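K.L.:
below are the sequence and a predicted model for it; my questions follow.
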Amino acid sequence: MPVHIHPADVPLEAALVALADPVRRTLVRELAGGPDWERACGTFDVPVTKATLSRHFSVLRESGLLEQRDAGSKRFNRLRREEFDARFPGLLDLVLREGAEA
(Lines give C-alpha, C1' and ligand atoms only; values in the text may rest on other atoms or scores of the structure.)
Protein backbone atom coordinates (compact mmCIF):
# COMPACT_ATOMS: atom_id res chain seq x y z
CA MET A 1 0.00 0.00 0.00
CA PRO A 2 1.46 3.39 -0.94
CA VAL A 3 2.27 5.89 1.80
CA HIS A 4 0.37 9.18 1.54
CA ILE A 5 1.38 12.53 2.97
CA HIS A 6 -1.38 14.99 3.73
CA PRO A 7 -0.83 18.34 1.98
CA ALA A 8 -1.03 20.12 5.36
CA ASP A 9 2.24 18.37 6.27
CA VAL A 10 4.09 19.31 3.08
CA PRO A 11 6.62 22.15 3.01
CA LEU A 12 6.36 24.62 0.13
CA GLU A 13 9.74 23.51 -1.22
CA ALA A 14 8.52 19.91 -1.63
CA ALA A 15 5.41 21.10 -3.49
CA LEU A 16 7.48 23.27 -5.82
CA VAL A 17 9.98 20.47 -6.49
CA ALA A 18 7.13 18.09 -7.33
CA LEU A 19 5.59 20.56 -9.76
CA ALA A 20 8.92 21.59 -11.33
CA ASP A 21 9.17 18.45 -13.45
CA PRO A 22 7.34 18.56 -16.81
CA VAL A 23 6.31 14.87 -16.65
CA ARG A 24 4.77 15.35 -13.20
CA ARG A 25 2.98 18.48 -14.40
CA THR A 26 1.55 16.42 -17.27
CA LEU A 27 0.33 13.79 -14.82
CA VAL A 28 -1.27 16.47 -12.63
CA ARG A 29 -2.97 18.13 -15.61
CA GLU A 30 -4.34 14.83 -16.88
CA LEU A 31 -5.65 13.92 -13.43
CA ALA A 32 -7.25 17.34 -13.06
CA GLY A 33 -9.11 16.80 -16.33
CA GLY A 34 -11.01 13.70 -15.23
CA PRO A 35 -12.96 12.13 -12.39
CA ASP A 36 -11.27 10.82 -9.26
CA TRP A 37 -10.07 7.21 -9.26
CA GLU A 38 -10.57 6.77 -13.02
CA ARG A 39 -6.94 6.70 -14.18
CA ALA A 40 -4.68 3.75 -13.52
CA CYS A 41 -0.93 4.37 -13.49
CA GLY A 42 -0.38 2.57 -16.79
CA THR A 43 -2.83 4.75 -18.71
CA PHE A 44 -0.70 7.88 -18.89
CA ASP A 45 1.11 8.58 -22.16
CA VAL A 46 4.42 10.01 -20.97
CA PRO A 47 7.89 9.41 -22.48
CA VAL A 48 9.44 7.60 -19.48
CA THR A 49 10.06 4.02 -18.41
CA LYS A 50 7.72 2.23 -16.03
CA ALA A 51 10.27 2.56 -13.20
CA THR A 52 10.67 6.29 -13.81
CA LEU A 53 6.90 6.75 -13.95
CA SER A 54 6.63 4.94 -10.62
CA ARG A 55 9.13 7.38 -9.13
CA HIS A 56 7.15 10.35 -10.48
CA PHE A 57 4.00 9.01 -8.80
CA SER A 58 5.95 8.58 -5.57
CA VAL A 59 7.12 12.21 -5.65
CA LEU A 60 3.54 13.37 -6.25
CA ARG A 61 2.33 11.30 -3.27
CA GLU A 62 5.13 12.65 -1.06
CA SER A 63 4.16 16.21 -1.95
CA GLY A 64 0.53 15.66 -1.03
CA LEU A 65 -0.70 16.06 -4.60
CA LEU A 66 -1.73 12.49 -5.24
CA GLU A 67 -3.61 9.73 -3.51
CA GLN A 68 -3.49 6.19 -4.85
CA ARG A 69 -5.39 2.98 -4.17
CA ASP A 70 -4.96 -0.52 -5.44
CA ALA A 71 -7.72 -2.44 -7.18
CA GLY A 72 -6.61 -5.87 -8.26
CA SER A 73 -3.43 -5.54 -10.29
CA LYS A 74 -3.96 -1.84 -11.00
CA ARG A 75 -3.24 1.29 -9.00
CA PHE A 76 -5.70 4.14 -9.43
CA ASN A 77 -5.05 7.82 -8.79
CA ARG A 78 -6.81 10.84 -7.38
CA LEU A 79 -5.54 14.39 -7.50
CA ARG A 80 -5.92 15.84 -4.00
CA ARG A 81 -7.03 19.16 -5.42
CA GLU A 82 -9.18 20.40 -2.56
CA GLU A 83 -6.66 19.50 0.14
CA PHE A 84 -3.70 20.84 -1.84
CA ASP A 85 -5.52 24.08 -2.65
CA ALA A 86 -6.25 24.59 1.04
CA ARG A 87 -2.51 24.31 1.80
CA PHE A 88 -1.17 26.17 -1.26
CA PRO A 89 -3.95 28.41 -2.63
CA GLY A 90 -3.55 29.17 -6.33
CA LEU A 91 -0.51 26.97 -6.96
CA LEU A 92 -2.36 24.26 -8.86
CA ASP A 93 -4.30 26.89 -10.78
CA LEU A 94 -0.99 28.25 -12.09
CA VAL A 95 0.16 24.79 -13.17
CA LEU A 96 -3.13 23.98 -14.85
CA ARG A 97 -3.27 27.36 -16.58
CA GLU A 98 0.26 26.83 -17.92
CA GLY A 99 -0.88 23.56 -19.49
CA ALA A 100 -3.89 25.19 -21.11
CA GLU A 101 -1.71 27.85 -22.74
CA ALA A 102 0.67 25.35 -24.33
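P.N.:
Now that the structure is in, tell me what you want to look at.

K.L.:
which elements pack onto the longest helix along the chain?
P.N.:
Longest helix in the chain by number of residues, with DSSP state H as the criterion: helix 50-62. When contacts are defined as 3 or more CB pairs under 8 Å, 6 or more residues apart in numbering; DSSP states H and E, helix 50-62 sits against helix 12-20, helix 22-32, strand 66-71. Heads up, the C-betas are built off the backbone N, CA and C, glycines and all.

K.L.:
same for the helix or strand of the chain at the bottom of the mean pLDDT ranking, what does it pack against?
P.N.:
One helix or strand of the chain scores below all others by mean pLDDT, DSSP states H and E: helix 91-101, with a mean of 85. For helix 91-101, the packing partners by 3+ CB pairs under 8 Å, 6+ apart come out as helix 12-20, helix 22-32, helix 81-87.

K.L.:
can you put these in CSV and add mean neighbour count and mean pLDDT?
P.N.:
Below are the helices and strands packed on helix 91-101 laid out as CSV (neighbours: other CB atoms under 10 Å; pLDDT from 0 to 100):
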stretch, mean neighbour count, mean pLDDT
helix 12-20, 15, 97
helix 22-32, 18, 96
helix 81-87, 15, 97
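
K.L.:
so which of those helices comes closest to residue 93?
P.N.:
If you check each of those against residue 93 by CB to CB, helix 81-87 wins as the nearest, at 8.0 Å.
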